[in-house]
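S.K.: Turn this into a structure:
(2 chains)
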Amino acid sequence: MTQELTVMMFTWEFPPRIIGGISPHVYHLSKSMAKNDVKVYVVTCDFPGAPQHEVLDEVEVFRIDSYKNPAPNFATWVYLMNMNMQKEAAALVKSLGGKVDVFHAHDWLVANVGIGLKHVFRKPLLATIHSTEIGRRNGIHSDYERMIHETEAWLTYEAWKVICCSDYMVSHVRWAFGLPEDKLVMIPNGVNAQQYTKNKNTNLSQFRRKFALPEEKIVLFVGRLVYEKGIHVFVNAVPKVSEKVNAKFVIVGNGYMKEPLSKLVKSMGLAHKVTFTGFVDDETLGNLQRCADVCVVPSLFEPFGIVALEAMAAKSPVVVSDTGGLSEIVEHDVTGVKVYPDNPDSLAWGITKVLLDENYANRLKNNAHKRVQQNYDWDKISQQTKAVYKAVLKEYSKSFWA
Amino acid sequence: MQVIIFSWEFPPRIVGELANYVKSLAVQLVKSNVETHVVTYHDYLTGPREEPEGTKTHRITNPVRTHIGVLTWVLTLNQEVERTAANIYYDAKKQTDLIDAHDWHFIPAAVTLKKALNIPFIYSVESLEEHRSHGANSPFNMAIKSIEWLGLYEAKKAIVKSEWMRDEATRIYKVPTDKIKVIPPKSTAWMKTVLQTYKSVAGGAISK
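M.R.: The predicted model follows:
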């Protein structure tokens, strides 16, 4: 296969290291780029049991020593990790004879390595901004948060182009960092719809019994248990939904709000209706998404909302808060239900509506499944990304760095 | 010979003893026909400048204005050090012979530049975290110590100012003694020995 161009991606997470949405994003993007004749190197943090170097479907993955002494705090660790990543990536690029055409950094977590290598090797840098500090925290409230915010601004300043996954994020990032419009590109996030058909032989009704009684509907939440994901709104909707429907609420994920919320559930006397599973493996997650009667995404801030897309690909009806990227993914009454953000009454209304009207639920999930295949296919997304690389390289070829 | 000196203090920014030492070093190097660039920090006097004594200074500021400690401040500042040194390197048609990094602050940049562009570096040790922090081992101190260790490991040579410091560097970081050159600043052979050490290190780059 002839490779037209070479990219080196920087990401702090890549499977099997999965913390949030960046890991699956970079995984699928890299694999589909490789299929579209792009040579992809991924430089990422190490993970217990994962090899330092491996080739996955023609994608070369390098896992670096991610600084394992105790660090004073998360942000300081990020900068120390970047120091190590930069050192190893610099040696890697040199060993390739400098034959890398573009660097591509995902979020501020790899800002330093991307910016550093851009100048040292004089190659263009692209950045995907998946999320922002000002959005995650709903404002900037401390020096710690401001430092991260300014690091994000610095990355967008140094990047040749800034990619965002939704129109909402494009306008948010433009506002947050004061960027010119022509620096921003919207390329949606994708979902691998085939992964939900490949485990067909699993006995779903038997699997379902591990989580709920046969007469209970399953209401599924998947996400980090943190404020911006609106998990507290979800928990507050539980008693309101339970008044009308016999349902089991399954909460997948971890986060600092797990303890207070499970206490809240106990004090409401609903502990038997709510299950906190913690982090689950991909297969369990996929099966849960397939057998859920409704998947709920109650986020207060959501740059994209990949988990809604996954549910749609798994043919589960979705109820989402009308905010951020979710507003663009879901068309109300056509591919899902949109409810008011930060409003447990509205959320409970949406969940109840889907659970009580089977015809409505079936119509939503069939429409949604079609929409996912049309608009959020990785092959199409990687071609769009490749086109951006090519456009940048054309401009670069006229610069004095070339 | 072309040398780039890294120092986090340089007049008019004077924090401790290092600023004036690095200044006298740079001036003497120019007098010895060494093309001398100094990359240093200043909050607002930024950009390249030809000093009256012939030294070329490049003062850089931090692209991230808000910080929660000296570590985050230093680690983002390193990116600007790297950028500036790379610009000097490319402007000089890749003829930079070596980097002389004073203290731990800009070691990360020196290491990346070595790995990426083959520029060897000397680590000039003014002081060590073990002594500055009186043996404290909090995550903060450990991070600085790990950078000092990295510097001594990756440097082609280390320069210290006393035999005591050579023994301490050997004791704390297990550096082989013959990697460390003792050059007392007030000695008569000071500049001669510095130049000899520079030449022994620069050899690798010149013949590349």
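
S.K.: Quick one: the helices in the stretch 251-400 of chain A, in order.
M.R.: A:258-267, A:282-291, A:306-313, A:324-329, A:344-356, A:358-375, A:378-396 (DSSP state H, counting those that start in this stretch).

S.K.: so which of the ones you listed is the most packed in?
M.R.: Among the helices of the stretch 251-400 of chain A, judged by mean count of other CB atoms under 10 Å in any protein chain shown, the one packed with the most neighbours on average is helix A:306-313 (a mean of 27). From N, CA and C alone the C-beta is placed, and that goes for glycine too.

S.K.: Which other helices and strands does it contact?
M.R.: If you count contacts as 3 or more CB pairs under 8 Å, 6 or more residues apart in numbering or on different chains; DSSP states H and E, helix A:306-313 packs onto strand A:217-222, strand A:294-297, strand A:318-321, helix A:324-329, helix A:358-375.

S.K.: Restrict the helix or strand of chain B with the lowest mean pLDDT to CA atoms and write it as PDB.
M.R.: For chain B, counting by mean pLDDT, DSSP states H and E, helix B:190-206 ranks last in confidence among helices and strands (a mean of 85). The C-alpha trace of helix B:190-206 is given here as PDB (Å, rounded to 0.1, in the frame of the first residue of the first chain):
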ATOM      1  CA  TRP B 190      38.700  29.000  34.300                       C
ATOM      2  CA  MET B 191      38.000  30.100  30.700                       C
ATOM      3  CA  LYS B 192      40.600  27.800  29.300                       C
ATOM      4  CA  THR B 193      39.100  24.800  31.000                       C
ATOM      5  CA  VAL B 194      35.600  25.800  30.000                       C
ATOM      6  CA  LEU B 195      36.700  26.100  26.400                       C
ATOM      7  CA  GLN B 196      38.500  22.700  26.600                       C
ATOM      8  CA  THR B 197      35.400  21.100  28.000                       C
ATOM      9  CA  TYR B 198      33.100  22.700  25.400                       C
ATOM     10  CA  LYS B 199      35.400  21.400  22.600                       C
ATOM     11  CA  SER B 200      35.500  17.900  24.000                       C
ATOM     12  CA  VAL B 201      31.700  17.900  23.900                       C
ATOM     13  CA  ALA B 202      31.200  19.800  20.700                       C
ATOM     14  CA  GLY B 203      33.400  17.300  18.800                       C
ATOM     15  CA  GLY B 204      30.400  14.900  18.300                       C
ATOM     16  CA  ALA B 205      28.300  17.600  16.600                       C
ATOM     17  CA  ILE B 206      31.000  19.000  14.400                       C
END
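
S.K.: Which strands or helices does that helix pack on?
M.R.: helix B:18-31, strand B:98-102, strand B:121-124, strand B:157-160.

S.K.: Using a markdown table, lay out the ones you listed together with mean neighbour count.
M.R.: Below are the helices and strands packed on helix B:190-206 laid out as a markdown table (neighbours: other CB atoms under 10 Å in any protein chain shown):
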| stretch | mean neighbour count |
| --- | --- |
| helix B:18-31 | 18 |
| strand B:98-102 | 28 |
| strand B:121-124 | 27 |
| strand B:157-160 | 22 |
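
S.K.: rewinding a little: which among the helices and strands packed on helix A:306-313 is found nearest to B:M1?
M.R.: helix A:324-329 (55.7 Å; CB to CB).

S.K.: Next up, the contacts around the most centrally placed residue in chain B.
M.R.: Note on chain B: the residue nearest the mean C-alpha position is B:A101, at 1.1 Å, using CA atoms, centre = their mean. By CB atoms under 8 Å, 6 or more residues apart in numbering or on different chains, B:A101 lies in contact with B:5-6, B:107, B:109-110, B:121-124, B:151, B:155.

S.K.: Mind pulling up the pLDDT for it?
M.R.: Note on B:A101: pLDDT of 98.

S.K.: Roughly how far does it sit from B:M142?
M.R.: 20 Å (CB to CB, to the nearest Å).

S.K.: now do A:P24
M.R.: Distance from A:P24 to B:M142, by CB to CB: 33 Å.

S.K.: The two: which is more packed in?
M.R.: More crowded of A:P24 and B:M142, by other CB atoms under 10 Å in any protein chain shown: A:P24, with 20 against 16.

S.K.: residues touching that one, list them.
M.R.: A:P24 is in contact with A:15, A:18, A:306, counting by CB under 8 Å, 6+ apart.

S.K.: Tell me which helix or strand it sits in.
M.R.: helix A:22-35 (DSSP states H and E).

S.K.: longest helix anywhere in the chain?
M.R.: All of this refers to chain A. helix A:74-95 (DSSP state H).

S.K.: oops, chain B please
M.R.: Max-length helix for chain B by DSSP H is helix B:70-91.

S.K.: average pLDDT for that one?
M.R.: On average, helix B:70-91 scores 97.

S.K.: quick one: low-confidence parts of chain A?
M.R.: A:1-2, A:198-201 (pLDDT under 70).

S.K.: Not counting the strand ranked longest in it itself, show me its contacts.
M.R.: Taking DSSP state E as the criterion, chain A has its longest strand at strand A:38-45. By CB under 8 Å, 6+ apart, the surrounding residues in contact with strand A:38-45 are A:3-14, A:17, A:26, A:30, A:33-34, A:58-64, A:66, A:81, A:85, A:88-89, A:92, A:96, A:100, A:113, A:382, A:386, A:389.

S.K.: Now the residue in the stretch 301-402 of chain A positioned nearest to chain B: closest residue in space, sequence neighbours ignored.
M.R.: Relative to chain B, the nearest point of the stretch 301-402 of chain A is A:W401 (8.6 Å; CB to the nearest CB). Excluding the flanking residues, the one nearest A:W401 by CB to CB, 6 or more residues apart in numbering or on different chains is A:R122, at 4.3 Å.

S.K.: now swap in A:T352 and tell me
M.R.: A:K244 (5.1 Å).

S.K.: ok, how many other residues are close to residue 9?
M.R.: All of this is about chain A. 25.

S.K.: nope, chain B
M.R.: Residues near B:E9, counting by other CB under 10 Å, number 23.

S.K.: if I pick it, what's in contact with it?
M.R.: B:15-16, B:18-19, B:22, B:40-41.

S.K.: Could you single out the nearest of the residues you listed to B:K199?
M.R.: Among those, and counting by CB to CB, the member closest to B:K199 is B:V22, at 19.6 Å.

S.K.: pLDDT at the closest residue to the closest one other than its chain neighbours, what is it?
M.R.: Leaving aside its sequence neighbours, B:V22 sits nearest to B:S7 (CB to CB, 6+ apart; 4.4 Å). Looking at B:S7, its pLDDT is 98.

S.K.: Now do the same contact list for B:S7.
M.R.: B:18-19, B:22, B:38-40, B:102-103, B:106.

S.K.: List the contacts of residue 3.
M.R.: Here I'm looking at chain A. Contacts of A:Q3 (CB under 8 Å, 6+ apart): A:37-39.

S.K.: you looked at the wrong chain, it should be chain B
M.R.: B:29, B:34-37, B:96-100, B:198, B:202.
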